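[1] Fold the following for me, if possible:
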Amino acid sequence: MEEMIPELEDMEKRGYFNKAEIRQIVKRRTDFEYSLKRRAAVKADYLRYIQYESDLDELRKLRKDAMGLEGKRGLADTSMTKRIHFIYQRATQKFRGDLRLWSAWLQYCKDSNSMRKLSQVVTKALQLHPREASLWIYASAWEFEHNRNAGAARALMQRGLRMCPGKADLWAEYFRMELLYAHTLRTRRKVLGITPAGSSQDEAGEGAAGKESEAAVQMVLNGAIATVVYKQATAELPKEVATRKRFLDILSEFSFPGVAPLYEAIYSSLEADFPEDPEAWDLLARRWLTEHPPHQASTSHSPPEESAIATFERALAATQGPQMYDLYRAFLTEQLGKIAASEGGRDGAPPKLKGRSKQLAKALLEVCGMAAAEGRASEALLLEWPRLALRFGRVKAALEAAARACQTSPGSAPLWQQRLLLQAQQISSQGDVGTAKILEALVLEAVRSVPKHDAAELWIVGFRTLKDLSLPLDCLVQQLVHELSGSSKGPLQGGMGNAAAAAVQAVRDASGLPVARELYRQLLKVPPAGGSLMHAVLDMEMEHVSEQEALSNADVDKIFEAAVDAYGSQDADLWMKYVQSRLKRGKSVGDLYWRASRTLHDPAVFMLKYEALQLAE
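    Below is the predicted model:
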C-alpha cells in the first residue's frame, strides 16, 4: 500500500482529487486488498476491484479534460493503468483456467493502448492454454494487424494448428488471413505503381531469375497460399458441408482475380465429397447467383437463374428424403419474390402474375406436387402448398392441394386444420349447402385420423367451424364423448380439456344452455377431460346465478365438488371460484378456506387471493 503514496501525492498536486477524496481512495483500496488477502477470495473480489479502479481512472480523465491540462504525462496519469494490470495479473495467477478473465485482460490492454503488455499477456495465456484455438487466433491477428508481421502471424497460426488439431475455427481464420495478406499486397503494389508480371516493360528490363521471382509473387497475389491452406484444411477436418460453406462465406469478402479458382476448388470439392447431401446441392445451385461466381458460371450461356434451377433438378434425382424439396421450394420462393417485385407487385407477389413470375409460380406449385407424389414432402412444404395456390389466386388448386396434403400425411393435425378452414372459407363465400354437408363428414374424418394426443386444437377448429356455419354439431359431439370414454383424467391445462370446453361453448351458442348442460353432464360422467372443461362449465353457470335458468344450489355445489375433487390439489383458481360462487349465493365460505388450505400442494396463492377478496368485501 505504501507504493501508492507518490501517485496519490501527484494526483492531489495536479488537482485531480482533493484530500478528502484521497483518503476515501486509500480506504477503498485497503478494503479491496484485505478482501484479496483472505483465504476464500473469489473472482468477484478481483473484478470489483478492477471496476473501481477503472471508474476512478475515468473520473480522473474527465477532470483532467475539464481543467484543460496538457503536456507530459506524469505518475498520476499512468499509475491507475499499471494498478489495473497488476490486479489482473494477480487474478489470473489465482484463476489460471478462467479464459474469460484472460480475455477481459486482453481487452483492457487493447482499450488502454498497452501494446507491450498485451504481447506479454497473450504469450502467458498461450503458455497456460496451448490448446485453446481462440487464443492462437487472437495472437496471430495481433501480429498481422498491429505489428504488420505476416510471417510471425503465419507461424503462430501453424503452431496453433499443431497444438489444436481438427479445429475448424483455426483453419477458417488462417484461410481468411492469407486472403487478406494477398489483398494487402495487391493494394500496396497498386499504390507503389508496380506493374503486374508479363507486361512489356517487365519483359524488356528483367532477366529469367527476375521473371521467376515475379511469377512467384504473382502466385501469392492470386491467393496461392490460401489455396494451399484450404486443401490442407479439407484433408484434416471432418467432411462437413457447414465447414465448406464457412470458407465460401469468407471468400465472398474478397474480389481480386485469384478468387475465382478458389471458388471453383471449393464447389468442386462439394460436388465430389457430398454427392447426396441436400445442403451441398443447395450451395451448388445458388453459386450461379452469387456476386462472385466461379469461371464456369460466368462463361455459361444460360441465365444464372435457369442454371440454378437445372442444378436443383439434378439434385432432386441425386438425393433422398424431403429436405431437397424444401430447399428447392425456398429458392423458388425467393426468386419469385424478387422477380414479382421488379414487375410491380407488393410483398413479392403481384395481384396478377405475369411474365417470369408466372412461370416461377407454376414451377413452385409443380415442385410441391412432385414432392407429395414421391412421398418426399415435409409437413412444412405440405402446409405451404395450399398457401401458395391462394397467393396466386387459385382457390380450387388450393383446396385440391390441401386434400392431397392430408392424403399424404393423414395424421397431421395442422394439415387437417388448414383443409377445414379452407373448406369453411369456400362455403362461407359461396353458400353451397351441398358443400356444407361435405364439411360435416370432413370434420369427422379429420378428428378420427389424427392421434388424440395431437388433436385438441383440431377438435376446437371443428366445433367452431361447424357452429359459425350453423351446421349440426350432433355427430361431432357424439364422436367426442366416444373419444373421451374410458380415457384417463386429463391435464390441468390444455389437451382434450380445451376441446371439451370448446364443445360445451359451441353447443350453448348453437342450441342454448339446457342442451349444453346435458352435454357437460354427460362429459362429467367419464373421467374429467381436463381442468379447462371444469373452468368453462363453472364460468358458464356463474354467469346465470341470478337468472331464471340458474341451477339449484345443490346442483352448483355438485359441479364444484367434482371439480375440486379432480383438480383441487393443483388449482387455486378453482377454489377461488367456489368461494365467489358461495358468496354470490349468500352462503358462508369458512369451510372452503379450511379445505383449500389443506388440499392444495401450495396454498399460499389461494390464501393471498382469499384475503384480498375478504378485504374487498
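
[2] now stretch 566-576, how far from the centre of its chain.
    Distance of stretch 566-576 from its chain centroid, counting by CA atoms, centre = their mean, to the nearest Å, is 37 Å.

[3] Pull the residues that contact the host helix or strand of residue 574.
    Remark: residue 574 resides in helix 572-584, with elements defined by DSSP states H and E. When contacts are defined by CB atoms under 8 Å, 6 or more residues apart in numbering, helix 572-584 is touched by residues 531, 534-535, 538-539, 542, 545-546, 556, 560, 563-564, 567-568, 588-589, 592-593, 595-596, 599-600, 602-603, 605-606, 609-610, 613, 617. C-beta here means a position set from N, CA and C on the backbone, and glycine is covered the same way.

[4] Could you pull out the buried residues of that helix?
    572, 574-579, 581-582 (16 or more other CB atoms under 10 Å).

[5] Now render those residues as a markdown table, adding pLDDT and distance to residue 465.
    A markdown table is the format used below for those (pLDDT from 0 to 100; distance: CB to CB, whole Å):
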| residue | pLDDT | distance to residue 465 |
| --- | --- | --- |
| 572 | 94 | 34 |
| 574 | 94 | 30 |
| 575 | 94 | 35 |
| 576 | 93 | 34 |
| 577 | 93 | 30 |
| 578 | 92 | 34 |
| 579 | 93 | 37 |
| 581 | 90 | 33 |
| 582 | 90 | 38 |
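
[6] nearest to residue 140, of these?
    residue 572 (60.6 Å; CB to CB).

[7] Assign the closest residue to that closest one other than its chain neighbours to helix, strand or coil.
    Setting aside the residues directly before and after it, residue 572 is nearest to residue 606 in space (CB to CB, 6 or more residues apart in numbering), at 3.9 Å. At residue 606 the chain is in helix, as set by DSSP: H, G, I helix; E, B strand; the rest coil.

[8] who are the neighbours in contact with residue 606?
    With CB under 8 Å, 6+ apart, residue 606 has these contacts: 572, 575-576, 596-597, 600.

[9] can you pull out the helices in the stretch 1-150 of the chain?
    Along the stretch 1-150 of the chain, the stretches classed as helices by DSSP state H, counting those that start in this stretch are 5-14, 19-37, 43-67, 75-94, 99-111, 115-128, 133-145, 150-163.

[10] Columns distance to residue 365 on top of the contacts of residue 606, output as a markdown table?
    Below are the contacts of residue 606 laid out as a markdown table (distance: CB to CB, whole Å):
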| residue | distance to residue 365 |
| --- | --- |
| 572 | 53 |
| 575 | 55 |
| 576 | 54 |
| 596 | 59 |
| 597 | 62 |
| 600 | 56 |
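
[11] Closest to residue 105 out of those residues?
    Using CB to CB, residue 572 is the member of the contacts of residue 606 that lies nearest residue 105, at 51.7 Å.

[12] could you measure that closest one against residue 242, distance?
    49 Å (CB to CB, to the nearest Å).

[13] do the same with residue 124
    33 Å.

[14] And for residue 77?
    In terms of CB to CB, residue 77 sits 49 Å off from residue 242.

[15] more crowded one of those two?
    Higher neighbour count among residue 77 and residue 242: residue 77, with 19 against 8, using other CB atoms under 10 Å.

[16] ok now do the more buried one, which residues does it touch?
    60, 64.

[17] Quick check: which ranges of the stretch 201-350 of the chain have low pLDDT?
    For the stretch 201-350 of the chain, applying pLDDT under 70 flags the ranges 201-211, 291-302, 340, 343-350.

[18] quick one: the helices in it?
    Using DSSP H, counting those that start in this stretch, helices in the stretch 201-350 of the chain cover 208-221, 224-236, 241-251, 259-273, 278-286, 295-299, 304-318, 323-342.
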